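In: need coordinates for the below:
(4 chains)
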Number of protein chains: 2
Amino acid sequence: MLSLTEENYLKAIYHLSDGGAKAVLTNEIAESLATKAASVTDMIKKLSVKNVISYEKYYGVKLSKQGKTLALTIIRKHRLWETFLVQQLNFSWDEVHEVAEQLEHIQSPLLIEKLDEFLHYPSVDPHGEPIPDKNGKIKIQASVTLSELAPGYKGSIVAVKDSDSNLLKYLDKIGATPGKKIKLIGKEEYDDSLEIELENIKVSISKIVSQNILVTA
Amino acid sequence: MLSLTEENYLKAIYHLSDGGAKAVLTNEIAESLATKAASVTDMIKKLSVKNVISYEKYYGVKLSKQGKTLALTIIRKHRLWETFLVQQLNFSWDEVHEVAEQLEHIQSPLLIEKLDEFLHYPSVDPHGEPIPDKNGKIKIQASVTLSELAPGYKGSIVAVKDSDSNLLKYLDKIGATPGKKIKLIGKEEYDDSLEIELENIKVSISKIVSQNILVTA
DNA sequence: AAATTTTTTTAGACTAGTCTAAATATTTAT
DNA sequence: ATAAATATTTAGACTAGTCTAAAAAAATTT
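Out: Next up, the predicted model:
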């Protein structure tokens, strides 16, 4: 059984390691959790003793199989709650992140089972991110960030990476939400801003925004 | 802003003081929270500094106006979540207490507003207990415990006091749920057990059970 | 290859909440 | 009214999680 803080560390490590694929550095964790490297070192030791990560001094951290499963459970809960908040309680997609950060720590497997059923077993959350099933399996939809593509591309929006409320409000305003058809018209070499088309309307978006939009590969 | 622990103390004090009516002793709080009197003394000092209770050494604790409001907010959240779990997620009424104990600490006024609306502003929870509205107002349904009444009484069940899962399962089995019509047929002087009638079926219940059933006055 | 910079770890201190054991106050019984 | 019992508080210690400052290791630059 993990404490709330331990769960947050595990989740951060999962995201920073691209789902457990690569090792994560102490400083990366510290930055992501807005804490200090010294605190991270301490927590890493604790998590290591609990066998949810493996840890080598001055090297970094990798999730163990068990750690990965636990991280996926937390992410599953987070995304199911976000889905509930948007679909059932009429939250807008930019309002749900902070609340879901709290709800994801509620301990009750039965609750999550029943919530999943209530929502008819959704496969993606309101931001297009996949929801792990109860065994931790994720259905990955192949995607690339819009910033990696060249003019001429046609496809549709899969997901939005960042949960920042201002970004989400902006994307909502220009109609850039998961499922929408999108065309890449042009690219400005000077600042890498993109000219895109959404439902026959052309919009220009900055590089940083384009890096947060995932589209069909 | 209160910590989770502080919220639990406040809630315990609210219940033990009959809604803020009377002073509560250190030992009562300790017993109710399964902690030690010394810990209670420490916490009492903290809550006192925060002006949510008033405290006199060797005397006890009373809720301040602000403390009462905060306690009611927590109770409102608890009972709304219980209602959600039973009505929407198909929990049985004996399964909801522990989960609601966690959910009641989620901090988001918007969430509670939306949940209340989603549930169509319920006035009582699945156990018949009244749900405070957003201003902390409670609609009290006049009631007495079954144990106080004499044979010949006819009325209906208002609420069940204890949240113990085994009690609730038992009451469910004999059909003693809020709203049900009930008659008091007889009383056994030796052990104060009662003969009652629920939907034309006679059942005998023990004194301790009768003390937990609230019926219309 | 040595010097410098960056990253990570250790050492020691702090807060919230808890505990045990001892001291003190209050209540109850004689 | 005094003794005994009970309740409450204080004192000091412990854990989880955090921090700053200093030490140590690794990476980078020259």
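In: which residues touch the closest residue to A:Leu111 other than its chain neighbours?
Out: Distances taken as Cβ to Cβ, 6 or more residues apart in numbering or on different chains put B:Val99 closest to A:Leu111, at 5.5 Å, once the chain neighbours are dropped. Every residue, glycine included, has its C-beta placed from N, CA and C. Residues counted as contacts of B:Val99 (Cβ atoms under 8 Å, 6 or more residues apart in numbering or on different chains) are A:Ile106, A:Ser108, A:Leu110, A:Leu111, B:Trp81, B:Leu85, B:Phe91.
In: just the buried members of those residues?
Out: A:Ile106, A:Ser108, A:Leu111, B:Trp81, B:Leu85, B:Phe91 (16 or more other Cβ atoms under 10 Å in any protein chain shown).
In: mind putting those residues in TSV, pLDDT, distance to B:Ala12 and secondary structure included?
Out: Output for those, formatted as TSV (pLDDT from 0 to 100; distance: Cβ to Cβ, whole Å; DSSP: H, G, I helix; E, B strand; the rest coil):
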residue	pLDDT	distance to B:Ala12	secondary structure
A:Ile106	98	21	coil
A:Ser108	98	22	coil
A:Leu111	98	24	helix
B:Trp81	98	18	helix
B:Leu85	98	22	helix
B:Phe91	97	24	coil
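In: where's the residue nearest to A:Leu111 relative to DNA strand C, distance?
Out: Distance of B:Val99 to DNA strand C, computed by Cβ to the nearest atom of the strand, to the nearest Å: 20 Å.
In: A strand includes that residue, no?
Out: No - checked against DSSP: H, G, I helix; E, B strand; the rest coil, B:Val99 lies outside a strand; its state is helix.
In: ok, it to A:Val96 distance?
Out: 20 Å (Cβ to Cβ, to the nearest Å).
In: just give the nearest non-adjacent residue to the residue minimising distance to the centre of chain A, would you?
Out: When Cα atoms, centre = their mean is applied to chain A, the residue found nearest the centroid is A:Lys161 (5.7 Å). Leaving aside its chain neighbours, A:Lys161 sits nearest to A:Asn212 (4.5 Å; criterion: Cβ to Cβ, 6+ apart).
In: list phi and psi for that neighbour.
Out: In terms of degrees, to the nearest 10, the main-chain angles of A:Asn212 are phi -100, psi 0.
In: show me what contacts it?
Out: Neighbours of A:Asn212 in contact, by Cβ under 8 Å, 6+ apart: A:Thr145, A:Val160, A:Lys161, A:Asp162, A:Leu167.
In: on that earlier part again, now the buried ones among the contacts of B:Val99 as TSV including distance to DNA strand C?
Out: TSV is the format used below for those (distance: Cβ to the nearest atom of the strand, whole Å):
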residue	distance to DNA strand C
A:Ile106	19
A:Ser108	21
A:Leu111	24
B:Trp81	22
B:Leu85	25
B:Phe91	27
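In: let's have the residues you listed in CSV, adding distance to B:Phe118.
Out: Below are the buried ones among the contacts of B:Val99 laid out as CSV (distance: Cβ to Cβ, whole Å):
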residue, distance to B:Phe118
A:Ile106, 18
A:Ser108, 20
A:Leu111, 17
B:Trp81, 12
B:Leu85, 13
B:Phe91, 16
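In: quick one: which of those is nearest DNA strand D?
Out: A:Ile106 (16.6 Å; Cβ to the nearest atom of the strand).
In: which one is that closest one nearest to, not counting chain neighbours?
Out: Counting by Cβ to Cβ, 6+ apart, the residue nearest A:Ile106 is B:Gln102, at 4.9 Å.
In: and if you look at A:Ser193?
Out: A:Ser206 (5.2 Å).
In: can you get me a residue count around the one you found?
Out: Using other Cβ atoms under 10 Å in any protein chain shown, A:Ser206 has 13 other residues around it.
In: get me the contact residues on chain A for chain B.
Out: A:85, A:88-91, A:95, A:98-99, A:102-103, A:106-108, A:110-111, A:114-115, A:118 (Cβ under 8 Å from any Cβ of the partner chain).
In: the residue nearest to A:Ser193 and A:Thr83, how far apart?
Out: With Cβ to Cβ as the criterion, A:Ser206 and A:Thr83 are 29 Å apart.
In: for A:Asp125, same thing?
Out: Relative to A:Thr83, and taking Cβ to Cβ, A:Asp125 is found at 5 Å.
In: which residues do these two both contact?
Out: In contact with both A:Asp125 and A:Thr83: A:Ile131, using Cβ under 8 Å, 6+ apart.
In: for burial, what's the neighbour tally of A:Gln66?
Out: A:Gln66 is flanked by 12 other residues according to other Cβ under 10 Å.
In: now name the helix or strand holding it.
Out: Taking DSSP states H and E as the criterion, the element that holds A:Gln66 is helix A:65-87.
In: what's that helix packed up against?
Out: helix A:4-16, helix A:97-103, helix A:109-118 (3 or more Cβ pairs under 8 Å, 6 or more residues apart in numbering or on different chains; DSSP states H and E).
In: is DNA strand D contacted by that helix?
Out: No - using Cβ under 7 Å from any atom of the strand, helix A:65-87 stays clear of DNA strand D, with a minimum separation of 14.1 Å.
In: what angle separates that helix from helix A:4-16?
Out: Helix A:65-87 and helix A:4-16 are oriented at 90 degrees to each other (axes from the mean of the first three to the mean of the last three Cα atoms, to 10 degrees).
In: now do helix A:65-87: distance to the chain's middle.
Out: 10 Å (Cα atoms, centre = their mean, to the nearest Å).
In: in it, what's buried?
Out: Those would be A:67-68, A:70-86, for helix A:65-87 by 16+ other Cβ under 10 Å.
In: for chain A, what lies in contact range of DNA strand D?
Out: So chain A meets DNA strand D at A:Ser3, A:Leu4, A:Thr5, A:Glu6, A:Thr35, A:Lys36, A:Ala38, A:Ser39, A:Asp42, A:Met43, A:Lys46, A:Tyr58 (Cβ under 7 Å from any atom of the strand).
In: and the helices in chain A?
Out: Here chain A has its helices, by DSSP state H, at A:4-16, A:26-32, A:37-49, A:65-87, A:97-103, A:109-118, A:165-174, A:207-210.
In: so which of those helices is the most packed in?
Out: helix A:65-87 (a mean of 21; mean count of other Cβ atoms under 10 Å in any protein chain shown).
In: got the CA coordinates for that one in CSV?
Out: Provided in CSV are the C-alpha atoms of helix A:65-87 (Å, rounded to 0.1, in the frame of the first residue of the first chain):
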residue,chain,number,x,y,z
LYS,A,65,6.8,-4.4,-13.2
GLN,A,66,4.8,-3.9,-10.0
GLY,A,67,5.5,-0.2,-10.1
LYS,A,68,4.3,0.1,-13.6
THR,A,69,1.1,-1.8,-12.7
LEU,A,70,0.5,0.6,-9.8
ALA,A,71,1.2,3.7,-11.9
LEU,A,72,-1.3,2.4,-14.5
THR,A,73,-3.9,1.9,-11.9
ILE,A,74,-3.6,5.5,-10.7
ILE,A,75,-3.7,6.8,-14.3
ARG,A,76,-6.7,4.6,-15.0
LYS,A,77,-8.5,6.2,-12.0
HIS,A,78,-7.5,9.7,-13.1
ARG,A,79,-8.8,9.3,-16.6
LEU,A,80,-12.0,7.5,-15.6
TRP,A,81,-12.8,10.4,-13.1
GLU,A,82,-12.1,13.0,-15.8
THR,A,83,-14.5,11.2,-18.1
PHE,A,84,-17.1,11.1,-15.4
LEU,A,85,-16.7,14.8,-14.6
VAL,A,86,-17.0,15.9,-18.3
GLN,A,87,-19.7,13.4,-19.5
